[in-house]
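sequence below, structure please.
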Amino acid sequence: MISDNESINVLNSFFKKSTNVLLYVANGTEYQTTLNFVEQQSKRRWLSICENNIEYKAGYLHNYRVALVKGGSNGNDAPNSVSNILENAIKCFPNIDYVLSVGVCCGVKSKTNVGDVIIAEKTVNYEFVKIENDEIFDRSFSRHSNETSNMLSVGASSLSFNDFSVICGEMITGAKLVKDLDYKYVKDILAEHKEALALDMEGYYIANFAVSHKLTDWFVIKSVSDHGNDKKDNDNQAKATEHSLRVLFGLLKNSNFLKQRRIKVMISGSFIFDNEKTAEAENYTYNLTKKLIYRGYKIINGYGKCIGNAVVAGAYDKVKYKEEGASLQDFVEIYPFPRVTNEAITYSLNIIKTANRQLMAKDCPFTIFIYGLKDNNEKAQGMEDEFALAKQNNSFLIPVGATGYISKEFWKRINQNITEYFPKCLLDKKVFWDKFNVLNKSLKVDRVIDFMDYLCNDAFY
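Okay, the predicted model is just below:
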């Protein structure tokens, strides 16, 4: 259970930086049903994050980090419109790749039964359709990723439920509640959209937002709660919403139609070439980089002459960059830290280094500190700067004290007041933390990665 208010900003920051799936629902019934479902399936309580007077719930659904938000009006100018809610959401969660919407819709009676789930392959706003000389101009949003669409279709075809069907097809959207329309109006709409399976009030806006903001893709998965002239009630909406969630859960479990975003990890370290421990520092950094990439992380590092070289070497060795579709930049970001002797140039380069460090620390939920030795045994001031920036950005700070030098000082600094840096619930597993300062010949990198996995998946539940 999450009860540590003193350090909760660290956890909030982790989810804000690493979440790449936004789940939108339209009303209170859909929201509560969805929250109950995802917490039950994940067996974890989801974290509350409030920003700009909007409450989000963040947590895990399978291995995906998901943010849940409730909308309101679908008018473009309303403060709680679909578009405004989504705009605020991607400011709070800047690494969103996918926007999803689950809930209820009004089905076409001749094509659907109450409870059936519609996966939108195309959505169009029926109030925006332009008709000229009896020709209808299609303003729909088809799924813009053929790869995703194919995987989604395959995933949907593999799902089977005893109490409802799953159908992929066209969904149409409008601002007017179907329950307030006479049935003739509905029939007129459907006459213009002969392929439509259902009507909803959000699908078009979801797709429009995703396309206009160049997100990876959008998904609208709705269950039929009525046929436009039936009585609506919360029990029916809750059951229909659960059907849409069961389909989403099945898709996430059985297919890979969503791609995971790698969590960024900054490696802060420095060392020199002509030292008896140079080979040890290179090997440790090299193996740490390889293991982090293997476990799904992305490395951020400034290119120094020892640690930076070892990071690049580890990344090259792990990433089969010559194979088709593989790109080293997907797994590692290296920022230049050039060295010159000319004082006039050095001044300009120091400005660049400061800017680079700010960029490196900005989006990293984790920062690992190793070694910290410079020429003439000078203190690695750059690592001090990176420590301060990482703390300011609510990163999880992980100094491997066993590597010595300034990293050992960082470990002691945090250990003296550990609740300033980590939520109190971490103390239940403080054995992880203590091992970082234990000297041993192998300096196993697994200790660091196991600790990070623990923070990601188990520490707060």
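
so who does residue 450 touch?
By C-beta atoms under 8 Å, 6 or more residues apart in numbering, the contact set of residue 450 is residue 432. All C-beta atoms are positioned from the backbone trio N, CA, C, and that covers glycine.

now stretch 81-99: average pLDDT?
Mean pLDDT, stretch 81-99: 94.

could you give me the buried positions within that stretch?
Neighbour-count burial for stretch 81-99, counted by 16 or more other C-beta atoms under 10 Å, picks out 81-86, 88-90, 92-93, 96-99.

hmm, who's touching it?
Residues contacting stretch 81-99 (C-beta under 8 Å, 6+ apart): 15-22, 24, 49, 51-52, 54, 56, 67, 69, 71-76, 78, 202, 205-206, 208-210, 213, 215-219, 258-259, 261, 363.

C-alpha coordinates for that stretch, PDB please?
Extracted C-alpha coordinates of stretch 81-99, given in PDB (Å, rounded to 0.1, in the frame of the first residue of the first chain):
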ATOM      1  CA  SER A  81     -13.600  18.200 -23.300                       C
ATOM      2  CA  VAL A  82     -11.900  15.100 -24.700                       C
ATOM      3  CA  SER A  83      -9.200  17.200 -26.500                       C
ATOM      4  CA  ASN A  84      -8.400  19.300 -23.400                       C
ATOM      5  CA  ILE A  85      -8.300  16.300 -21.100                       C
ATOM      6  CA  LEU A  86      -5.900  14.600 -23.500                       C
ATOM      7  CA  GLU A  87      -3.800  17.800 -23.900                       C
ATOM      8  CA  ASN A  88      -3.300  18.000 -20.200                       C
ATOM      9  CA  ALA A  89      -2.600  14.300 -20.000                       C
ATOM     10  CA  ILE A  90       0.400  14.300 -22.400                       C
ATOM     11  CA  LYS A  91       1.800  17.300 -20.500                       C
ATOM     12  CA  CYS A  92       1.700  15.200 -17.300                       C
ATOM     13  CA  PHE A  93       2.900  12.100 -19.000                       C
ATOM     14  CA  PRO A  94       5.200  13.400 -21.800                       C
ATOM     15  CA  ASN A  95       6.200  10.000 -23.200                       C
ATOM     16  CA  ILE A  96       2.700   8.800 -24.200                       C
ATOM     17  CA  ASP A  97       2.800   6.700 -27.400                       C
ATOM     18  CA  TYR A  98      -0.700   5.200 -27.400                       C
ATOM     19  CA  VAL A  99      -4.100   6.600 -26.400                       C
END
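
so what's the gap between it and the chain middle?
The chain centroid and the centroid of stretch 81-99 are separated by 12 Å under C-alpha atoms, centre = their mean, to the nearest Å.

among the contacts of stretch 81-99, which are in helices?
Under the assignment DSSP state H, the contacts of stretch 81-99 contribute 15, 16, 17, 18, 205, 206, 208, 209, 210 to helices.

how close does the nearest residue to the second one once chain neighbours are set aside sit to residue 271?
In space, and not counting its chain neighbours, residue 16 is closest to residue 93: 5.6 Å by C-beta to C-beta, 6 or more residues apart in numbering. Here residue 93 is placed at a distance of 36 Å from residue 271 (C-beta to C-beta, to the nearest Å).

could you list the low-pLDDT ranges of the stretch 301-450 of the chain?
Across the stretch 301-450 of the chain, the ranges flagged by pLDDT under 70 are 320-326, 338-347, 377, 424-431, 439-443.

start to end distance for stretch 38-57?
End-to-end distance of stretch 38-57 (C-alpha to C-alpha, to the nearest Å): 10 Å.

give me the pLDDT for the nearest residue to residue 70 once chain neighbours are set aside.
Nearest residue to residue 70, sequence neighbours excluded (C-beta to C-beta, 6+ apart): residue 31, at 4.1 Å. pLDDT recorded at residue 31 is 96.

likewise residue 261?
87.
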